[in-house]
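Asks: what follows is a predicted structure for the sequence shown.
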Amino acid sequence: MQGQWRTEQVAGHPVHFYAPPSGGRGRAIIYLHPVGQELLHDRPAFTSVLDDLGLPCACPEGKLTWWSDRVCRDFDPVLTAERWLVEHVTPAVVSKYEVAMSRVGLLGISMGGQGALRLAFKHPRVFPAVAALAAAIDYHQFHGLGYTLDEMYDSKEQCRQDTAIMHIHPSDYPPHIFFAIDPTDGDWFRGNDRLHEKLNALGIPHVCDLRTQAGGHSWTYFDHLAGRAIRFLDEGLQAQSRRLL
């Protein structure tokens with residue numbers, strides 16, 4: 001038996017809620033989509049793991065906001081994607097799935113991967129577990145090329161200053177961090193490698209996979225790593241719940 005999707009409006013924007021057949025285990029995740037805005041409705045590599053673990057999942061539609069705390073008019077003229085996620089989507093997940101605020105993890109791919117990392121680094125008490133696949137960490141490289149980033153940031157340097165790596169706090173960070181990228185992913189590999197280097201330099205525990213090759217920056221790779229990423233989140237949230245008892 002498969003889980004069911006239900007779409008609701010949260011603060012004026014759609015969120016797709018997935019309830020697995022055997023949910024209700026006190027944990028949930030929020031999935032942040034990539035630039036292609038693909039959700040998980042037709043991704044059995046992801047939903048089958050959610051079903052196995054009884055792990056509910058919310059998939060908000062953030063358009064091309066890069067999940068940042070900058071206004072993107074295509075999304076909303078006032079509300080930023082980050083504020084929407086922290087102030088509206090996460091409380092909705094907590095209420096709908098009856099979980100504690102500290103038992104919500106973030107999962108993201110590409111644009112969503114960097115967004116998940118940045119949000120977890122900025123709000124580690126809200127998101128104690130994060131998993132990112134092929135995170136587009138150095139997205140400032142695309143500033144000035146006609147994308148929404150041009151209206152969101154005044155310059156490439158301003159954009160760089162808002163990347164996930166720049167929001168790492170040496171003593172206040174999410175306790176469960178996982179990220180992975182195919183080494184043939186030319187656009188985004190170096191950013192992930194630099195993140196690994198910085199976390200190591202600061203002594204921040206994390207798990208990363210910079211070696212597995214499974215199709216580059218593609219859904220072949222994302223599907224290949226889906227189970228590992230989701231299980232990492234589930235185990236991290238379980239560990240977090242035990243720590244808080």
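Replies: Received, thanks. Numbers count the residues shown, from 1 in each chain.

Asks: would you mind listing the buried residues in the longest helix belonging to the chain?
Replies: Using DSSP state H to define each element, the chain has its longest helix at helix 219-244. For helix 219-244, burial by neighbour count (16 or more other Cβ atoms under 10 Å) applies to 221-226, 228-234, 236-238, 240-241. (Glycine included, C-beta is placed from N, CA and C.)

Asks: residue ranges with poor pLDDT in the protein?
Replies: 1, 244-245 (pLDDT under 70).

Asks: again, only using 90
Replies: 1-3, 22-25, 101-102, 240-245 (pLDDT under 90).

Asks: now the strands for it?
Replies: Using DSSP state E, the strands of the chain run over 4-10, 13-19, 28-32, 57-60, 104-109, 129-133, 176-180, 207-209.

Asks: of all these, which one comes closest to H88?
Replies: Proximity to H88 (Cβ to Cβ) singles out strand 4-10 among these, at 5.2 Å.

Asks: next, the angle from the longest helix of the chain to strand 129-133.
Replies: Angle, helix 219-244 to strand 129-133, by axes from the mean of the first three to the mean of the last three Cα atoms, to 10 degrees: 170 degrees.

Asks: who are the packing partners of helix 219-244?
Replies: With contacts defined as 3 or more Cβ pairs under 8 Å, 6 or more residues apart in numbering; DSSP states H and E, the packing partners of helix 219-244 are strand 28-32, helix 44-53, strand 104-109, strand 129-133, strand 176-180, strand 207-209.

Asks: burial of the closest residue to V89 other than its chain neighbours, as a residue count?
Replies: Closest residue to V89 apart from its sequence neighbours, by Cβ to Cβ, 6 or more residues apart in numbering: P60 at 5.1 Å. Residues near P60, counting by other Cβ atoms under 10 Å, number 25.

Asks: so who does E235 touch?
Replies: By Cβ atoms under 8 Å, 6 or more residues apart in numbering, the residues touching E235 are H176.

Asks: likewise L85?
Replies: Contact analysis of L85 by Cβ under 8 Å, 6+ apart lists 30, 60, 62, 67, 119.

Asks: recalculate using a threshold of 6 Å.
Replies: Contacts for L85 were tallied using Cβ atoms under 6 Å, 6 or more residues apart in numbering; there are none.

Asks: with the one 5 residues further on instead?
Replies: T90 makes contact with V104, according to Cβ under 6 Å, 6+ apart.

Asks: for W5, see how far away the closest residue in space to Q4 that isn't next to it in sequence is.
Replies: Excluding its sequence neighbours, the residue lying closest to Q4 (Cβ to Cβ, 6+ apart) is A19, at 5.5 Å. In this view, A19 and W5 are 8 Å apart by Cβ to Cβ, to the nearest Å.

Asks: the two: which has the busier surroundings?
Replies: More crowded of A19 and W5, by other Cβ under 10 Å: A19, with 18 against 15.

Asks: now do the contacts for the more buried one.
Replies: Shown in contact with A19 (Cβ under 6 Å, 6+ apart): 3-4, 56.

Asks: make a markdown table from the helices and strands packed on helix 219-244 and add distance to F142 and mean neighbour count to it.
Replies: Formatted as a markdown table, those follow (distance: least, Cβ to Cβ, whole Å; neighbours: other Cβ atoms under 10 Å):
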| stretch | distance to F142 | mean neighbour count |
| --- | --- | --- |
| strand 28-32 | 17 | 26 |
| helix 44-53 | 26 | 19 |
| strand 104-109 | 16 | 29 |
| strand 129-133 | 18 | 30 |
| strand 176-180 | 19 | 26 |
| strand 207-209 | 23 | 16 |
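
Asks: many thanks, have a good one.
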